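S.K.: A predicted structure for the sequence below; I have some questions about it.
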Amino acid sequence: MQEVLDEYTDYTVNGSLSADADALGAQTVSSRIAHLSDTVRLIIETAIRGGAVGKTSELSAKYALRYFASYVAREKDNRLFAIDGMQEIPRAMSRHLAEDTVMLSTTVVDVSEDATGTLVKIETEGPGGKSTLLARQVVIAIPAPLVANVCKDLPDWKLRALDTAHTPGSSTLCIVADIQGLPQFKDWSFVTTVGKKFDAIINPVPGGILNENIAQFVCYGNSVGYQPSFPATPELVDGWIEDFLEVAPELRGRIIDVSAHSWLHCFSVLSPSRAGNLPQLQRNVGPLHFIGDYTSSTAGTHGAFSEAKRVADQIRTTVKAT
């Protein structure tokens with residue numbers, strides 16, 4: 001593991017990947033760990049599946065720095081936790097805008113040119129029924145596999161690029177536990193769980209800064225992928241809880257609450273193929289702009305945020321020019 005820590009130090013600055021890390025984008029994780037023993041490779045592969053959603057044969061070594069080495073290094077500079085869930089981020093942003101500027105709980109079903117060919121027509125369905133909007137610039141911020149379902153007239157080069165942006169599903173179980181008298185659990189950060197129903201247990205707030213006697217643990221089942229029946233099937237949830245308690249037997253009888261979730265599309269895999277097609281993934285199609293973690297040079301929430309800034313700057317420049 002010292003080799004991993006040394007490499008993480010070499011390729012990061014203040015908790016963020018440096019430009020030198022781009023050199024790892026064309027290499028897979030599996031090629032970097034091929035020299036290790038079978039047992040060590042199994043542990044690392046399981047750990048990486050816990051922090052990512054792709055296999056080591058698909059993931060770039062650069063991705064592994066973010067979603068494996070950063071946990072080993074106990075990185076804290078770039079980790080934040082949305083207490084009310086990720087959905088609170090767009091809700092909080094909408095509260096800073098004039099009323100009716102943002103339509104929440106609304107699905108975009110079609111994006112196409114209007115009859116004049118000068119504007120973009122957006123068809124939506126929401127609590128108030130169906131509606132049609134017209135816009136000069138449109139930002140498409142949905143998982144890559146869904147883009148072609150909404151934008152049905154994309155050029156072939158864009159469709160080929162989107163095919164390289166794999167976004168597998170994932171299942172998780174959040175466990176809140178009473179750790180009073182068990183301070184060792186405060187500092188849990190990332191625990192690899194070989195042979196369990198999930199790949200890793202992650203404490204999103206190491207150190208227990210939310211409450212010194214309460215800890216939250218998230219069991220990440222990236223290898224099991226999307227399981228739509230999981231959240232509503234008590235015996236499946238109970239099985240995950242028992243696996244958790246095998247890792248942390250001291251917490252039996254101390255679980256306060258659990259919450260199970262499963263997503264059809266999770267983070268986009270940072271594969272050498274996606275990295276090679278990044279210019280095409282980021283490239284706009286006329287007034288249509290594409291953002292998400294799949295258009296970023298990294299992945300995850302931080303990647304999506306950086307892409308939002310890139311496209312916002314691009315649109316500002318376009319508007320000023322016209």
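M.R.: Now that the structure is in, tell me what you want to look at. Numbering: from 1, shown residues only.
S.K.: where exactly do the helices run in the stretch 101-250 of the chain?
M.R.: 144-150, 156-162, 234-247 (DSSP state H, counting those that start in this stretch).
S.K.: Which elements pack onto whichever helix or strand comes after the last one?
M.R.: Meaning helix 234-247. The C-terminal neighbour of helix 234-247 among helices and strands, as given by DSSP states H and E, is strand 255-263. Where contact means 3 or more C-beta pairs under 8 Å, 6 or more residues apart in numbering; DSSP states H and E, strand 255-263 is packed against strand 170-178, helix 234-247. C-beta: built from backbone N, CA, C; applies to glycine.
S.K.: okay, the angle between strand 255-263 and strand 170-178?
M.R.: Strand 255-263 runs at 170 degrees relative to strand 170-178, counting by axes from the mean of the first three to the mean of the last three C-alpha atoms, to 10 degrees.
S.K.: Okay, now the unreliable bits of the protein?
M.R.: Low-confidence segments of the chain (pLDDT under 70): 1, 76-81, 208-210, 322.
S.K.: just to revisit the earlier point, would you mind finding the most buried of the helices of the stretch 101-250 of the chain?
M.R.: The highest average neighbour count among these, using mean count of other C-beta atoms under 10 Å, belongs to helix 144-150 at a mean of 17.
S.K.: what about stretch 181-199, how long is it end to end?
M.R.: 27 Å (C-alpha to C-alpha, to the nearest Å).
S.K.: how about the strands in the stretch 201-322 of the chain?
M.R.: Per DSSP state E, counting those that start in this stretch, the stretch 201-322 of the chain carries strands over the ranges 214-221, 255-263, 288-290.
S.K.: could the ones you listed go into TSV alongside distance to Ser170?
M.R.: Shown next, in TSV, are the strands of the stretch 201-322 of the chain (distance: least, C-beta to C-beta, whole Å):
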stretch	distance to Ser170
strand 214-221	7
strand 255-263	5
strand 288-290	22
